[in-house]
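**Q** Mind folding the following:
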Amino acid sequence: MIVTFLRTSLAAAISLAAFVPADAVDISGAGATFPYPIYAKWADTYKKETGNGLNYQSIGSGGGIKQIKAKTVTFGASDMPLKPEDLKEAGLIQFPTVTGGDVPVVNLEGIAPGELVLDGPALAKIFLGEIKTWDDPAIKKLNPKAKLPSQAIVVVHRSDGSGTTFIWTDYLSKVSPDWKSKVGANTAVEWPAGIGAKGNEGVANNVLQTKGAIGYVEYAYAKQNKMTFADVINKDGKRVAPDAASFQAAAANADWANAPGFYQILTDQPGAKSWPIAGATFILMHATPEDPAAASEALKFFSWAYEKGGKQAEELDYVPLPGAVVALIKKTWAAQMKGADGKPLLH
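**A** A predicted model of the protein is given here:
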């Protein structure tokens, strides 16, 4: 189970940090659960290679934004990018690390992963509480051959401030005028239906334990837990499955070079092979940090991850950033991240 894997990885990162040599620097981060599987993996490998530890708290994007603004961590992590004006006001810089995807996961007896297909309007009506049973005509029309039970749908959503929720609700806002006007897109919304759970871990566990449930999680959680996911009809009207290839197809439309503050939202992208509920995940750091040594070490960690962590990201079905984007990020670090003496933090 991925929840066990995650807890083990985090425990390892924390316990290893206790044995760091005196001249090593620990990095603290908090935020998004969406990238937690890969950050935990990277932290473990980086610790073995360098002796430097990373203590990352998987508390949700909302918490990550609050903690970096409060200067209680070296970096915050969020799947909802902050707008350039918000970055400037808070004295922050922002950069992406990997791309992944939200996927709808269900607990339906007799339905195999990828056997069910849903579209944006149907997902919006389910999460609005308007489609109440699995044999609703709208679902049956999309799945004429599936044996759909006359079973109540139990909606499971995030209870914490979450970038995964932002990606999900941003997508629903683009495909459903009703969702946009009644609920909208944010890290936390007023849910019209369902039960809340904390973190991707909590949503995954609730769906696994609840007959008739539907929820949304980052794909690594669905894959590691062997959850039943649904395919989705994308913007081009094509049925697509969630995987690294469809996430990559969605990410291919991102114009990072012309995005101030790397502000990019990747939901509902065009392209026959594009997964419609994709998103990048972001790191937030102070441009002039109070602890320059820790900030410098964090930049070294992410530089290492870009250069050596791509294979591990792919193994967990995240999409590494193209080399050209990494070069843009490092250029941003050199220009904007400086110590009190005005010198760049990463040499």
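**Q** In the stretch 101-250 of the chain, mark out all the helices, start to finish.
**A** 120-128, 137-142, 163-175, 177-182, 199-209, 219-224, 244-251 (DSSP state H, counting those that start in this stretch).
**Q** any idea which of those is most buried?
**A** For the helices of the stretch 101-250 of the chain, the stretch with the most neighbours on average is helix 163-175, a mean of 26; neighbours defined as mean count of other C-beta atoms under 10 Å. The way it works is simple: take the backbone N, C-alpha and C, and place the C-beta from them, glycine included.
**Q** Out of the helices of the stretch 101-250 of the chain, the one nearest residue 104 is which?
**A** Comparison of the helices of the stretch 101-250 of the chain against residue 104 by C-beta to C-beta identifies helix 120-128 as nearest, at 6.4 Å.
**Q** Stretch 30-39: end-to-end distance?
**A** Its first and final residues considered, stretch 30-39 spans 11 Å by C-alpha to C-alpha, to the nearest Å.
**Q** Quick one: mean pLDDT over that stretch.
**A** Averaging pLDDT along stretch 30-39 yields 94.
**Q** Only the buried residues of that stretch, if you could.
**A** Within stretch 30-39, the residues scored as buried using 16 or more other C-beta atoms under 10 Å are 30, 31, 32, 33, 34, 35, 36, 37, 38, 39.
**Q** With stretch 49-68 instead?
**A** Those would be 52-68, for stretch 49-68 by 16+ other C-beta under 10 Å.
**Q** The longest strand along the chain pairs with which strands?
**A** Assignment by DSSP state E gives strand 92-106 as the longest strand of the chain. Taking DSSP bridges as the criterion, strand 92-106 forms sheet pairs with strand 213-218 (antiparallel), strand 228-229 (antiparallel), strand 278-286 (antiparallel), strand 319-320 (antiparallel).
**Q** and the direction of that strand versus that of helix 120-128, what angle?
**A** 90 degrees (axes from the mean of the first three to the mean of the last three C-alpha atoms, to 10 degrees).
**Q** Can I get strand 92-106 in CSV? Just the C-alpha atoms.
**A** Taking C-alpha atoms only, strand 92-106 is exported to CSV below (Å, rounded to 0.1, in the frame of the first residue of the first chain):
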residue,chain,number,x,y,z
LEU,A,92,8.5,34.5,-3.2
ILE,A,93,9.8,32.7,-6.3
GLN,A,94,8.1,29.7,-7.8
PHE,A,95,9.2,26.9,-10.0
PRO,A,96,7.8,23.6,-11.2
THR,A,97,9.3,20.2,-10.4
VAL,A,98,7.3,17.5,-12.2
THR,A,99,3.9,17.0,-14.0
GLY,A,100,1.3,14.5,-13.0
GLY,A,101,-2.4,13.9,-13.1
ASP,A,102,-5.5,13.7,-11.0
VAL,A,103,-7.6,10.6,-11.7
PRO,A,104,-11.1,9.6,-10.7
VAL,A,105,-11.0,6.4,-8.6
VAL,A,106,-14.0,4.3,-7.8
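**Q** Residue 312 should be in a helix, yeah?
**A** Yes - assessed with DSSP: H, G, I helix; E, B strand; the rest coil, residue 312 lies in a helix.
**Q** Could you pull up the contacting residues of it?
**A** Residue 312 makes contacts with 38, 41, 42, 45, as judged by C-beta atoms under 8 Å, 6 or more residues apart in numbering.
**Q** what comes up buried for stretch 278-290?
**A** Along stretch 278-290, these residues count as buried under the neighbour rule (16+ other C-beta under 10 Å): 278, 279, 280, 281, 282, 283, 284, 285, 286, 287, 289.
**Q** Next, format the residues you listed as a markdown table and append pLDDT.
**A** Converted to a markdown table, the buried residues of stretch 278-290 look like this (pLDDT from 0 to 100):
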| residue | pLDDT |
| --- | --- |
| 278 | 96 |
| 279 | 95 |
| 280 | 96 |
| 281 | 96 |
| 282 | 98 |
| 283 | 98 |
| 284 | 98 |
| 285 | 98 |
| 286 | 97 |
| 287 | 95 |
| 289 | 95 |
